[in-house]
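A.B. asks: just to be clear, the model below is a prediction. Sequence and coordinates:
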Amino acid sequence: MDFKNKTVLITGASSGIGYSLAKLLPKENCSLALLSRSYEKLQSLVDEIKSDGRIAKAYRCDVAKPDEVKNIFDAVKKDFGKIDIAVLNAGISSRTEIKNYSSVIGKEIFEVNTLGIVNCVEQLLPDFMERKEGMIVGVTSLAESRGFPRSGFYNASKAAASLLLESLRVELKPFNVKVLIVKPGFVRTPMTDKNEFHMPFLMDVNKASKIILEGIKKEKKIIQFPFPIVLGSKIIKLMPDWLFDFLMSKELPARKN
Ligand SMILES: NC(=O)c1ccc[n+]([C@@H]2O[C@H](COP(=O)([O-])OP(=O)(O)OC[C@H]3O[C@@H](n4cnc5c(N)ncnc54)[C@H](OP(=O)(O)O)[C@@H]3O)[C@@H](O)[C@H]2O)c1
């Protein structure tokens, strides 16, 4: 994939991985449509990109709201003529103690991490399928491999998103529409800054976004990193349930009677 003269849309571009990718991409001579709910942060990034003579525009968009997604994607198509590559990166996480289990939190996580991708793909497909070109890059996570204690909503939302993207990858092949899935391990961003637990092989966000960019250029079906976490997640996935339960329960506080 050559980015030259392409229009790249990024959701969740105001922070972390999306922000870092948006800073790297102008060097590839593409135009950028940057989306998130924090318009001011996006606008200052756009100003920076434009001062280097590149084309970028900021759009306030909540990916959890289908009507808003439709309006904004229409606006991007009008402003840029078309979308070539959509990096669907917006996401939220949460660690929830079982005593605070709440459908409100679960709904919010699924609405952004899973349905956010569903909403964006809906706006991309008709045009991509008609043009017989286009690329969808969905950011999920290696955390999808099992249901980890306290992170069930996040793990499940990412697993659902990965399976959806996988099915789209196969179905869209005859239309020459590429679907790539990005599965990072731990990356240092505002999302992980709030984690109090040890995050093995925590990666610098600029390094992560360079790996993602190279993966997109090579059109890798799955862009996953770092290797030790990829390997670890494969082992954990194959682990028998009794062993998984035993190891995970060691993480939980002792039950008070
Ligand atoms: N960091 C990691 O270790 C890690 C590991 C695996 C996967 N990931 C995934 O990578 C993606 C980026 O995460 P990050 O670490 O860069 O997190 P981050 O720094 O918290 O950035 C998340 C981005 O998503 C946007 N966002 C959140 N809710 C949104 C909504 N409803 N509509 C539109 N935009 C929304 C945020 O912008 P606004 O708040 O301004 O809307 C922000 O730009 C996420 O999908 C995350 O699950 C991260």
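C.D. replies: That came through fine.
A.B. asks: please name the residues that touch residue 225.
C.D. replies: Residue 225 sits next to 184, 185, 203, 208, 211 when contact means CB atoms under 8 Å, 6 or more residues apart in numbering. Heads up, the C-betas are built off the backbone N, CA and C, glycines and all.
A.B. asks: could you do residue 80 as well?
C.D. replies: Contacts of residue 80 (CB under 8 Å, 6+ apart): 7, 31, 33, 57.
A.B. asks: neighbour-wise, which one of those residues leads?
C.D. replies: residue 33 (27 neighbours; other CB atoms under 10 Å).
A.B. asks: among the contacts of residue 80, which pair sits farthest apart?
C.D. replies: 7 and 57 (10.0 Å; CB to CB).
A.B. asks: can you list residues touching both of the two?
C.D. replies: Joint contacts of residue 7 and residue 57 (CB under 8 Å, 6+ apart) are 32, 33, 76, 80.
A.B. asks: redo the residues you listed as CSV? Include pLDDT.
C.D. replies: Output for the shared contacts of residue 7 and residue 57, formatted as CSV (pLDDT from 0 to 100):
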residue, pLDDT
32, 98
33, 98
76, 98
80, 97
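A.B. asks: check those residues against the ligand, which are close?
C.D. replies: The subset of the shared contacts of residue 7 and residue 57 within reach of the ligand, by CB under 6 Å from any ligand atom, is empty.
A.B. asks: among those residues, which two are most distant?
C.D. replies: 32 and 76 (10.2 Å).
A.B. asks: more neighbours, those two?
C.D. replies: residue 32 (27 against 22).
A.B. asks: which residue is the nearest non-sequential neighbour of that one?
C.D. replies: Closest residue to residue 32 apart from its sequence neighbours, by CB to CB, 6 or more residues apart in numbering: residue 56 at 4.1 Å.
A.B. asks: so who does that neighbour touch?
C.D. replies: Residue 56 touches 22, 26, 31, 32, 33, 34, 45, 46, 49, 50, counting by CB under 8 Å, 6+ apart.
A.B. asks: out of those, which is most surrounded?
C.D. replies: residue 34 (29 neighbours).
A.B. asks: wait, which of the contacts of residue 56 is closest to residue 112?
C.D. replies: Among the contacts of residue 56, and counting by CB to CB, the member closest to residue 112 is residue 34, at 17.0 Å.
A.B. asks: that closest one pairs with what?
C.D. replies: Beta-bridge partners recorded for residue 34 (DSSP bridges): residue 10, residue 58.
A.B. asks: next to the ligand, which bits of the protein? Give me the list.
C.D. replies: Residues of the chain lying near the ligand (CB under 6 Å from any ligand atom): 11-18, 36-38, 61-64, 89-93, 112, 139, 141, 184, 186-187, 189-192.
A.B. asks: which helix or which strand is home to residue 242?
C.D. replies: Element membership for residue 242 (DSSP states H and E) is helix 241-249.
A.B. asks: in that helix, what counts as buried?
C.D. replies: 244, 248 (16 or more other CB atoms under 10 Å).
A.B. asks: so in the chain, which helix runs the longest?
C.D. replies: helix 152-171 (DSSP state H).
A.B. asks: ok, and what's touching stretch 87-94?
C.D. replies: For stretch 87-94, the external contacting residues (CB under 8 Å, 6+ apart) are 8-13, 17-18, 21, 35-36, 63, 105, 108-109, 112-113, 116-117, 120-121, 136-139, 151, 153-154, 182, 191, 216.
A.B. asks: show me which residues of that stretch are buried.
C.D. replies: Buried, per 16+ other CB under 10 Å, within stretch 87-94: 87, 88, 89, 90, 91, 92, 93, 94.
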